[in-house]
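>>> let's see this in three dimensions:
(2 chains)
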2 protein chains.
Amino acid sequence: MTTQQHSTRTVASQLRSARARPVAPSGPRRGLGVGELRLDGGFWGALQETNARATLQHCLDWMEQLGWLGNFDRVAEGVTGGERPGWQFSDSEVYKLLEALAWEYGRTGDPAVDALLGKVVDRVAAAQDEDGYLNTCFGHAGQAGRYTDLSTGHELYVTGHLLQAAVARVRTIGRAGGEDTLVDVARRAADHVCREFGAEGRGADGQPGICGHPEIELGLAELGRALDEPRYTEQARLFVERRGHGSLAPIALLSPAYFQDDVPVRDADVWRGHAVRALYLAAGSVDVAVDTEDDDLRAAVERQWTRSVERRTYLTGGMGSRHQDEGFGDDWELPPDRAYCETCAGVASVMVSWRLLLATGEVRYADLIERTLYNVVATSPRADGRAFFYANPLQQREPGADVRPDAVNPRAEGGVRAPWFDVSCCPTNVARTLSSWQAYAAFVEEVAGGGVVVSLAQYAAGDLRISVDDRDPGQGGGELALRVTTEYPHDGRIRVEVTAVPDRPVTLRLRVPHWADGATLTGPDGSATAVGPGWADAGTTLAHVAARGPAALTRRTENGESGPQATLALGDVVTLDLPVAPRLTWPDPRVDAVRGTVAVERGPLVLALESMDLPDGVLLDQVRLDPAVAPRAQGDGAVVRAAVVPLPGGGAGTPPFGSGGPGGAPEPTSDTGMPAALDLTLVPYHRWAERGPSTMRVFVPTARPEETR
Amino acid sequence: MTTQQHSTRTVASQLRSARARPVAPSGPRRGLGVGELRLDGGFWGALQETNARATLQHCLDWMEQLGWLGNFDRVAEGVTGGERPGWQFSDSEVYKLLEALAWEYGRTGDPAVDALLGKVVDRVAAAQDEDGYLNTCFGHAGQAGRYTDLSTGHELYVTGHLLQAAVARVRTIGRAGGEDTLVDVARRAADHVCREFGAEGRGADGQPGICGHPEIELGLAELGRALDEPRYTEQARLFVERRGHGSLAPIALLSPAYFQDDVPVRDADVWRGHAVRALYLAAGSVDVAVDTEDDDLRAAVERQWTRSVERRTYLTGGMGSRHQDEGFGDDWELPPDRAYCETCAGVASVMVSWRLLLATGEVRYADLIERTLYNVVATSPRADGRAFFYANPLQQREPGADVRPDAVNPRAEGGVRAPWFDVSCCPTNVARTLSSWQAYAAFVEEVAGGGVVVSLAQYAAGDLRISVDDRDPGQGGGELALRVTTEYPHDGRIRVEVTAVPDRPVTLRLRVPHWADGATLTGPDGSATAVGPGWADAGTTLAHVAARGPAALTRRTENGESGPQATLALGDVVTLDLPVAPRLTWPDPRVDAVRGTVAVERGPLVLALESMDLPDGVLLDQVRLDPAVAPRAQGDGAVVRAAVVPLPGGGAGTPPFGSGGPGGAPEPTSDTGMPAALDLTLVPYHRWAERGPSTMRVFVPTARPEETR
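A predicted model of the protein is given here:
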């Protein structure tokens, strides 16, 4: 229904544009363009490479095989009667893949990726109705009517993902020289939504005028930014404001909190209900709040973030304590075995925190992003990029089954990564996140007085070429270039060399994570300074200092005083040393489900104890960790001292509770023939279950009762 | 479609028949007829009275108001188009109420109850199709066709409850003098099922031929026994054997284990999937196994009982660890806060254990029945019998909301008893269990050599008149009469007086629960004997001993030896003293969710700590129980020594885990202005939440770290 208009622009400077980023709010801070950082292998570089090489095609192949792509063809051909493959929201997986392809092309300029994207876009475009409506499940012959099931139909949700894909496209190829097919399709779809759901449309007078699954809000807001269409932002605002008034038809057995229709966003204190929905809504609400300067709305989301993170978030950063509704639980309800921690909720949490980081500059948001990226997002894909976790529990009681590579799997079964799911939102969500990872690595902030601050938020080896040009960003010139050398998170040393300085002074800051007790920053002169958690000031480039050497300057510090300013010249090196020795992490006593246990972390990595790392004949249930013996590093994991305890016998014929004495467990002994004390290896949680089916624990009971209160 | 045929038989001897019991397997053991025990108030007498006075009418009123009864009228009138009130299985609630009314009439002979039953039966009967099919949701104009959705349609499930109601009817009014409408309707429905699903019908050749929700199996088996129709038993056998082969169409997002279609009953080792389904299936399987002398099938259910009780059952006897599928969890997965412990699963567990008790005589089944009756079944109804718990969690984190008395409530919301639910299976299940409570109080066993043993399985004040006539049970004569005087469970003394002796020798046994460490039995001569858990022999009546006094006899003991036999003569009294002082109960160390906690029990009662019993300003999260101080009895509850600990501050901006030290909780102090040690009152769990919304815990963290391994 629309002819192919997209073109493959391969001008490197355009692709590397500072504009090529998923979130571009008004305000003083911007994230990196995906082309502003070239990763040099390492943790994220390897994941990104696997994503590019394997995952994108893997997703495309599955969606082709299952007919989810064919759904577009059938609409275009007008043959929509009969059974339709996939869930009502399967279009959104195609759109998330398009977004991933767009970032991948934006980052690499690989014409093959652009061509692949173009082929899919053409099939999508052909399915768009004349008036801009685009959905393969509703509104055509033999299908339910448009917007007849706002509670569960997911139509606006699906459209939101289309808009996000178009944002990636327009931000990576630019808008000069005419429109692109994907951008054009999205614009028409967004215009349709605005006509249909505008102030005078559906949703007026308290009638249902929102989607059961939030997502359209952030899609509209970002497309509005990308295309300079305030109408879209206004429509996003309407959607945010309309939610929380109980207008959506209830879903059987679920409460309105399931889709956050219980309380308006600006009145809520905590996230609740379906986690992905709550988080997409929060992300869209920040977008609206920032662009409309609605401080009340922004403060509401910050308040929700604070309570939800401090009381409803797992050690991994995972969110969602319940399988029941894929939802948040009550405060302190964080069972490790039934943790849902959907991969998509991890992605969505990063989206929220990133928006709040850009809105506030507060380091806690970057800290949570790191925790979530390493322990949820990176946990999902198998090493080969062709299988995924949907749920990410912190304890596996029974070994997961083997997965057949050709099977569509139930989504929430723990213990195995599966190639595809019946509801398969996670693979494409991982793909789009990995393909745009660079965007979250740093942000650039214009400060009062004409200064600019570059803050490194995530660490990875590579070359940054960051535009700090205050005239016309991304047009070359005015670049701060940095070469980051590190083996983080395996090693805690991050070496940053200044490889190009811009025309204007730029202050460089490095994030010291909240867990990094004892970090040091070593300046160009070799002097080491202890730095506490937060943003560590690494110095300011001086445009007129061409050669290395200290310069006496004054500057305004945060508390308004003046002081000497460290300088960074071309060739200068600053080194941040973060302590990544394994450490014990104790739960808050209100987290009942892990009382009497301790976890082990190593830098940003949560570690896990897997059954295959136990001696033969020892069960995970028998292990007690001795917290008096400090864990020591081994590879990316750790070695801990542990005891093996015998387990009570069975045969009582009663529930597993008795009056025989505390815990029913005898003291650790070697009666089982096992050593009473032995060393056990913990591995990074993000790689668990890769050596075959296993049982697993992140939180290990402690051997020392006096430690377990 | 069937004229009214039922009649009201009020002959007391018939109503008190030994036949008037829900389960009557072949084999040597039978339970009490509901008329063989007249309760004299007490715990169960009061509940039964409330049930009779309030609950039965309450259920009827709700079903009338919601149109669930009207559904039968609409079918009878042929006006089935349009929206039908209630879920597809709402007919079953009507049938469970009919069963409750039948037992109530059988027990009391109250003609008003019989008349009420008759009115409902007439409306049901009028909706039966000519060929015996009876369902208000399928098979009529404007409805889906019969048996078009075996996975979720519940048609056979609904029929099973109809058959159970008819069993209650035929067993209480007898069959002499013609048929009864309810019995006739059930017979025609059962015949229809046999025609439709027989060996050559649906289900042949591996096609789906079972119901997604088991229940028909036990309905058919028991009606077969009641009406001497082996065809029905054979049909039940077919249903049991067909299950477990994956023939049922999958339900989205649920595995075949949800409805036990994953593994055949005789091959399974543990209960899994939806708890009520698993337990109804197990009950029906025992029925089939016993009547077909299929020891392999019986052993399979015993094996499943053992593992499921020892690893997947709560302290309360509650079953079902997951909200997700209302199902069993993995071994040791017993979270207190997210415990589902559906009331109906408690009822179903009693049904299974009772069948296994009759099949084996093993005391452990009676023990679990007691635990479940007191802590699940009795927990559900509010004191006034007009509101109910559907789920029975062992921890409430946030106070439940107030319930509006006129509202249909979501079923699984914790913390409040609600008058009715959208899925309202529990109120009628409680009603039919309470109205037939007598059936489970004792059983009568014919033993080798012509002897008979009467075993008291549950204790309640009242008069038992138990037929031990080996010629024609229930026809008068040959009665053992006992008067039980007790305030159990408030007090542990159970006094049993022999008030009539039969013509043949009868051995009386009293159950000593597994928790009763230190029980004593005092004989007619005043001599007290320590008795351990199990069946305590209280002596044998001697028909020819009319006056009190010892008699020298010999008898065969269990190990084949001969020895002197204690005698029981008319007027003799034996007294069982069970220790019901509050006791600490520790979890098996594999139950991760309650590590570092202890529960308090008092006799058969599980106790709970409710927030309203805390000093002002103290939160439940702050309480640490001191297990070194023995709890003491107070009312039906207990008083424990506890400490109040301050809680960690917030504001970290991270998930609730930190490296600051074990647990993050300081030592118990009085820094909060609270006493460091104080006495707290625990109440019986079955009465929690009756004083308004509260937070609650059964398992309380311990103050003494050395106790919490």
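
>>> quick check: which element contains A:Ile251?
Counting by DSSP states H and E, no helix or strand carries A:Ile251.

>>> excluding chain neighbours, give the residue nearest to it in space.
In space, and not counting its chain neighbours, A:Ile251 is closest to A:Ser151: 5.7 Å by Cβ to Cβ, 6 or more residues apart in numbering or on different chains. For the C-beta atoms, the positions are set from N, CA and C on the backbone; glycine is no exception.

>>> give me the pLDDT value at the one you found.
A:Ser151 carries a pLDDT score of 97 in this model.

>>> that one and A:Glu215, how far apart?
Distance, A:Ser151 to A:Glu215, by Cβ to Cβ, to the nearest Å: 15 Å.

>>> what about the two, which has more around it?
A:Glu215 (27 against 20; other Cβ atoms under 10 Å in any protein chain shown).

>>> hmm, the more buried one is touching A:Leu156, no?
Yes: here A:Glu215 reaches A:Leu156: they are 7.3 Å apart, a contact under Cβ atoms under 8 Å.

>>> in a helix, the residue nearest to A:Ile251, correct?
No: assessed with DSSP: H, G, I helix; E, B strand; the rest coil, A:Ser151 is coil; it does not lie in a helix.

>>> against A:Asp577, how distant is it?
A:Ser151 sits 53 Å away from A:Asp577, taking Cβ to Cβ as the criterion.

>>> mean confidence score for stretch A:103-112?
Averaging pLDDT along stretch A:103-112 gives 94.

>>> kindly report the same for stretch A:29-44.
Average pLDDT, stretch A:29-44: 96.

>>> buried sites along that stretch?
Using 16 or more other Cβ atoms under 10 Å in any protein chain shown as the burial criterion, the residues of stretch A:29-44 that qualify are A:29-37, A:39, A:42-44.

>>> quick one, phi psi at A:Glu241?
Main-chain torsions, A:Glu241, degrees, to the nearest 10: phi -70, psi -30.

>>> what's the closest non-adjacent residue to it?
A:Glu241's closest residue in space is A:Pro264 (Cβ to Cβ, 6+ apart), at 7.2 Å.

>>> now A:Thr108
Leaving aside its sequence neighbours, A:Thr108 sits nearest to A:Ala52 (Cβ to Cβ, 6+ apart; 7.4 Å).

>>> that neighbour is in contact with A:Ser436, isn't it?
No: with contact defined as Cβ under 8 Å, A:Ala52 does not count as touching A:Ser436 (11.8 Å).

>>> more crowded one of those two?
Neighbours were counted for A:Ala52 and for A:Ser436 using other Cβ under 10 Å; A:Ser436 has more, 28 against 21.

>>> and the gap between the more buried one and B:His213?
Separation of A:Ser436 from B:His213 (Cβ to Cβ): 47 Å.

>>> swap in A:Asp110?
54 Å.

>>> so for those two, which sits in the more crowded spot?
Legend: neighbour count by other Cβ under 10 Å for A:Asp110 and B:His213, higher for B:His213 (25 against 16).

>>> what residues sit buried inside the helix or strand containing A:Ser308?
Per DSSP H and E, A:Ser308 falls inside helix A:295-311. Counting neighbours by 16+ other Cβ under 10 Å, one finds that the buried residues in helix A:295-311 are A:297-298, A:300-302, A:304-311.

>>> from the chain's centroid, how far away is stretch A:77-87?
For stretch A:77-87, the separation from the chain centroid amounts to 33 Å (computed by Cα atoms, centre = their mean, to the nearest Å).

>>> tell me how far A:Ala18 lies from chain B.
Computed with Cβ to the nearest Cβ, to the nearest Å, the distance linking A:Ala18 and chain B is 29 Å.

>>> sticking with that residue, tell me its helix or strand.
Secondary structure from DSSP H and E places A:Ala18 outside every helix and strand.

>>> intersect the buried residues of helix A:295-311 with the contacts of chain B.
A:Thr306, A:Val309, A:Glu310, A:Arg311 (Cβ under 8 Å from any Cβ of the partner chain).

>>> check contacts around the closest residue in space to the first one that isn't next to it in sequence.
Pointing back at A:Thr306 there. Nearest non-adjacent residue to A:Thr306, counting by Cβ to Cβ, 6+ apart: B:Gly653, 6.7 Å away. Contact analysis of B:Gly653 by Cβ atoms under 8 Å, 6 or more residues apart in numbering or on different chains lists A:Thr306, A:Val309, A:Glu310, A:Glu362, A:Arg364, A:Asp367, A:Leu368, A:His514.

>>> quick one: least confident helix or strand in chain A?
When the helices and strands of chain A are scored by mean pLDDT, DSSP states H and E, strand A:554-556 comes last with a mean of 40.

>>> most proximal residue of the stretch 301-450 of chain A with respect to chain B?
Here the residue of the stretch 301-450 of chain A nearest chain B is A:Arg364; by Cβ to the nearest Cβ that distance is 3.6 Å.

>>> what helix or strand is that residue on?
helix A:363-372.

>>> contacts for that helix next, please.
Contacts of helix A:363-372 (Cβ under 8 Å, 6+ apart): A:305, A:309, A:313, A:316-318, A:346, A:349-350, A:353-354, A:356-357, A:440, A:457-458, A:511, A:513-514, A:533-535, A:604, B:653-655.

>>> so which of those residues sit within strands?
Members of these lying in strands (criterion: DSSP state E): A:Arg511, A:Gly534, A:Trp535.

>>> out of these, who's nearest A:Pro381?
A:Arg511 (24.9 Å; Cβ to Cβ).

>>> what's the local residue count around that closest one?
Count around A:Arg511 with other Cβ under 10 Å applied: 24.

>>> residues in contact with it?
For A:Arg511, counting by Cβ under 8 Å, 6+ apart, the contacting residues are A:Val363, A:Ala366, A:Asp367, A:Ser455, A:Leu456, A:Ala457, A:Gln458, A:Tyr459, A:Gly534, A:Trp535, A:Ala536.

>>> quick check, the fourth one in a helix?
No: membership of A:Ser455 in a helix is not supported by three-state DSSP, which gives strand.

>>> surely A:Val447 is in contact with A:Gly361?
No: the criterion here is Cβ under 8 Å, and A:Val447 misses it with A:Gly361 at 9.9 Å.

>>> neighbour count: those two, which is higher?
Between A:Val447 and A:Gly361, A:Gly361 has the larger neighbour count (other Cβ under 10 Å), namely 19 against 13.

>>> look up how far A:Tyr390 lies from the spatially most central residue of chain A.
Among the residues of chain A, the one closest to the centroid is A:Val347, at 2.9 Å (Cα atoms, centre = their mean). With the distance defined as Cβ to Cβ, A:Val347 ends up 12 Å from A:Tyr390.

>>> go on, A:Asp269?
A:Asp269 sits 29 Å away from A:Tyr390, going by Cβ to Cβ.

>>> please apply the same query to A:Ala359.
Counting by Cβ to Cβ - A:Ala359 and A:Tyr390 are separated by 30 Å.
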